[in-house]
Structure formats: structure tokens, C-alpha cells
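Undergrad: All I have is the shape, not the residue letters:
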């Protein structure tokens, strides 16, 4: 389109030429009216409505001048008709021209905007014909030169699985005429590049598919962000699982509730099939807690405040968990609750620990022993009622005070040594010392001091348990005195009873020899009763003396070959062994530090019992030994009648018999003597039934310090 200036010049030239032509040709009735339409139309097309109207005015003036100069006289109707023609032509063509130019301007602007958008966009845009050869492409993301792509197919450019897959989709679009959208992966060096690809059919004006048009957006960053999000979600799920923490959301208007995987695990519900809702949540709350939970949530709904509470839930397998719930409420613009979200954490173990801790704290507080905790500087941090009673300081006065207020001057070094050792991680078990009361009096105590550690295992102080041993020692001394007197009495009584008992036994035996058979049967029977009673009394006194000697005599401890001791006991029991038809097997036995005579008495009593309490035709006793952590353990096993577990403690008490006297003889002193001897050696003795029948007596002799 010529410029406006050129249009005006051309139109002026045309008006001048038409006027000159009219002046030259002076034919009456011939005024060249149609020639004037040309410059009017040119001005209208070139300059629009205003140009057309100006052209019509100029054309009318030139037309009138031509008529006047050429002596061509038109009537009024002719001039009016000519003016209407000029103005109508100028207006219509000008209006059309303006609209056409406006449309062209808009098209150019739109095209410019589109081109600017395409040029500045990371989107790959292209067109391909039916042979899938590229006819146009804009590919900033791939960085390819369009000249290298145009006229070629995907197969000619590259051959990878992703390219082949996209090519198949393009063929499908050509075949079906329907668009497709896929995700494709390309390689840009070593890095994968992901594209969201849209392929649509390209149609001609008749609607025939003549090719395809496509667009691809680089979504690599989005893809990586999604991967990171998935990783974060996996990490979040793992963290929630490790912390026992589940999360939930509730869209109140739609009652749409969602639970995290960990919350499903806490409730024991399968995520893939369990339909989550507010009612489903309430159904799993423990019946005793349900009303309280509903009240808390209802209050949060009304006020919009956050909430926090513990509640129990019942899992499908019947297990009850304690969960700590925390929630926040979201309000809309009108202050109405529209959403709740929060967490639930498994605090079952924590709450149980708190209950145990409170119970333990109550036990500690009410303990008769003085329980005290102190930090590394020796300042008192815990002080129970037992400490108040023992030392006389009230709790409020003791807390924060130095532990040295309880330590006598002559025990300061001892306390420092103990505290240093304990802070190094070595507990001090039950040592005897003295402490000071508030009134200045000294008190004898047994103390056990242990390291006090924080949650990380770091030693932060020490705790001690103290017990007043003054009263215990007095009671112990009194008991020892009474036991000594009782033993002395038993020994004296047993010893003094022997002489008159011998006299009675002698005279009764004399009566029996002299008058047996001469008196009636009742007299013989009565004499027999007296003789039996005297014999039993003699045996009982002998056993009492033996028991007393076992406790009174000082132990002569020395290295003793236990094998020789057992052989000596077996030799003393040779008659009983032969009479019963039994046997004694002796294993490898060690050398121990013990009293030879006392140890022989133990083995003699145990082997004798194994032979006596035996209804087997061939009694059998086995003696063996094994090493223990702090000494030796001995075992005397037999195949006898056995002992019930209910009586394994009773048989070690004095005069305790499990059978009638006419079944098995004895006074019931032998096992108590064994117990006394073993305990005086620092060991212990017990028995247990053998699986094969019979009894196993076991005892220990610790190494001598």
C-alpha cells in the first residue's frame, strides 16, 4: 500500500488529468463523470473515510469547474446525483478501507505477539506433513538448527526408544484424527530431559488431515521436583513411622478425611480398603474415651481453637494404644470451621513409663531407707521422706545443700574416694560407714552408691540408699547372743541327759534280759516300748550334740582333697552299702579349702540318705563336682524314692520327717547339719528331683578370699 503522501499526489494528478481531458474534449453532454470516481476511490482506499469525503468534495469541485470551462451545462438533479455518488463512494470505500487496515493491523500485531511468544517461549512447536517430515519447527529446548530438521523425519534424525514411541503416537494421530498427549524422555548428553508432548491433527479448509502439529514443554524440573517430593514423602513416612507419628486432615463440609500411612498403621487399618471418615475414627476410639474426645473436638469446632489430648484406640486385634492428638482448625472468611488437620503420636510406652515412674517415685518417697541424689559437685538434688527421718533435715532445707553436711570429718576422705569412684562409673555396694544427723549425733548406716545417668548415658551425679544399721546391729547382736545361749543350753542339756539316759537304758535292758518271758505278754510289750523309746532318745541326743557341735566348733579350713573325704565317708558306710546291695560312684573331685571333718559329715549324711530312702533293689549314689563362677559345686544324686518339690525346703529344718518312723528310721537332724556346715563355709545347699527318678542334692563351697 502506497504512503498517504503518494496517494494524495497520485489522486491530485488524476484530478488534473481528468480536468484537462474534459477541457480538451468539448463534446456537449460528455462530462467524463466515471473518471472522477477513480481518484475519489483512491483517496478513500488510501486514507479512509476522511480521505474519501475530501476526495468526493474535490472531485465535485473539479467536475463543476470542468463543466463551466467546457460550457457543459448540467442541471441541478445531475449535480445532486453526481455529489451523492462521490460522497457515497468515498464514505463506503473509506469505511471498508479503514476496517480492512484495522484487521490487517490486528493480524500483524497478533502475528507479532505470537512470534514474540514463540521466540521467547521454551515450548518446542512444530508441524509435519503426512509423511511426518518437518515443515516448520521452533525448538529452543533442543537447541537444533531448523535447517537440519526441516524436510526430515524423526527416524532420520534419531533412533531411540523414546523417539520411536513418539513417532508411533504421531502415526496414530494421522490415522485416527484425534489428538494425544504423552510424556517422552530424551537424552541431552548424560542428563535425561523430560517433555510433556501434545500432538494434534493439522487439517486443510475441507477438514482433511494433511499433517500434524505438536507442542512439547520441557518438564524436567517438574519431574525432578516430583521425584524429590516422592523422596520427601517416603522420608516423611519413614520419619513418621520411626516417631510413631501419624497425620490426618478433615474437610468438614464434605466429611472428607485422609490419614497418612503411619496413622493407618497405628489404627491397624488397611489404607487400600478402609473408608476413612469422622465416624470411622470415633468408632475406633476406646468406648470409655469416646465422649471426652467428641467434647474436645466439638469445642474446637465452636471456638476455632487448637486442641491437644490423649485418647485410647482399639485396634482390630484388640490391642489398645494410647495416642496423643494435636489439631488445628481452619476458618473461612465468615469464621466458620471448614478444615481440621493434625497429628497423632503413639505414646503408649511413654505413658506406661510415666505411670511406672510415678509408682517408683511413690515407692522411693515412702521408703524407710534414706534415698538421696546429688550432682557432680556434691549438691543434693533429691531427698525422700526416709532421709528426713534418718537425718532430721526437712526436704526444703536439704535440697541444694552440700552432701558434706552429713559427713563426719573423719569420713570426709572416704566420701571423696567413694564419690570419685562412682562418678567414674563404678557403683559401691553396701559399705558400712557413719553419717551426721542434724542434731549432731552420729548414726551407723549401710550405704549403696550408684552412678546417676541422663538419657544419653552421661553420668550427671550419684544416688545413694542408706539404712540405719544401729538398730539392726543391736537386734543382730541380741539374736546371736540368744542363739549362743540356746546352743549352749542344747549342748549342756544333751550332754547332761546322756548319763541318766544310759542308766535308764541299762536297767531297762537288764529287766528285759532277766524277766523277758517270765511275765505276761503285756509286760514284755511294755518293756519293749521302753527299750525302743530309750534308744530313740539316745539317738536324738546324739544328733542334737552333733548339730550343736556343727555350729559351735571352729572350722579348721585347709586344702582338702574332696575325693579322699568322700572315700572316707564311703568307708564309714561300708556296712550300710553291703546291707542294701547298693553302690557309690565317685567322679573327679577337686581340692577345696574346707574343714575336713565337717565336709566328711556332709557327704556321709547325703550318701547315707541316698541308700536309706531307696526302694530300688540296687541303690545307687553318684558324687560329682563342677566349677562355678566363685568356687565349686558338688552333686550327690541317687535313684531313691525322690522328694516332692513342695518339700524341698522343709527337709532342711530340724526334726522334719516326711515318712513314718516305722518306714524309715532317723531323727530328721542329718540334713539340717549339712545345711549348717555348708552355710558356715559360705555356700548354700538345695535339692531337686531327678527326671529319671530319685533326688539330686547340690551344694557349693566358694573359694576362700
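TA: Thanks, I have it. As the structure is a prediction and not an experimental result, all values here were calculated from the model. Residues are numbered from 1 along each chain as shown.

Undergrad: now the end-to-end length of stretch 624-631.
TA: 14 Å (CA to CA, to the nearest Å).

Undergrad: and it, how far out from the chain's middle?
TA: The chain centre lies 44 Å from the centre of stretch 624-631; the measure is CA atoms, centre = their mean, to the nearest Å.

Undergrad: Quick check: what element follows the helix or strand of the chain with the lowest mean pLDDT along the chain?
TA: The weakest-scoring helix or strand in the chain, judged by mean pLDDT, DSSP states H and E, is helix 521-552 (a mean of 60). Once helix 521-552 ends, the next helix or strand along the chain (criterion: DSSP states H and E) is strand 557-561.

Undergrad: That next one - contacts with which helices or strands?
TA: Applying 3 or more CB pairs under 8 Å, 6 or more residues apart in numbering; DSSP states H and E, one finds that strand 557-561 contacts strand 591-595, helix 596-612. The C-beta positions use only the backbone N, C-alpha and C, and glycine is treated the same way.

Undergrad: Counting neighbours, which bits of the next helix or strand after the last one end up buried?
TA: Helices and strands here follow DSSP H and E; after helix 596-612, the next one along the chain is strand 620-627. Of the residues in strand 620-627, those with enough neighbours to count as buried (16 or more other CB atoms under 10 Å) are 620-625.

Undergrad: now do stretch 696-705
TA: Going by neighbour count (16+ other CB under 10 Å), the buried part of stretch 696-705 is 696-702.

Undergrad: Can you list which of those are found in strands?
TA: Counted as lying in strands by DSSP state E, out of the buried residues of stretch 696-705, are 696-702.

Undergrad: Tell me where the stretch 301-450 of the chain has strands.
TA: 307-314, 320-331, 337-346, 370-375, 380-383, 428-436, 442-453 (DSSP state E, counting those that start in this stretch).

Undergrad: Residue 195: which of the ones you listed is closest?
TA: strand 337-346 (36.0 Å; CB to CB).

Undergrad: Is residue 467 in contact with residue 446, as I believe?
TA: Yes. Judged on CB atoms under 8 Å, residue 467 makes contact with residue 446 at a distance of 4.8 Å.

Undergrad: I'd guessed residue 366 sits against residue 389; true?
TA: No. Counting by CB under 8 Å, residue 366 sits too far from residue 389 to count as a contact (11.0 Å).

Undergrad: Let's have the buried residues of stretch 696-705 in CSV, adding distance to residue 264.
TA: Formatted as CSV, these follow (distance: CB to CB, whole Å):
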residue, distance to residue 264
696, 56
697, 60
698, 55
699, 59
700, 56
701, 62
702, 58
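
Undergrad: Mind listing what's buried along the helix or strand where residue 11 lies?
TA: According to DSSP H and E, residue 11 maps onto helix 4-24. Across helix 4-24, burial judged by 16+ other CB under 10 Å covers 7-8, 10-11, 14-15, 18-19, 22.

Undergrad: so what's residue 319 up against?
TA: Residue 319 sits next to residue 268 when contact means CB atoms under 8 Å, 6 or more residues apart in numbering.
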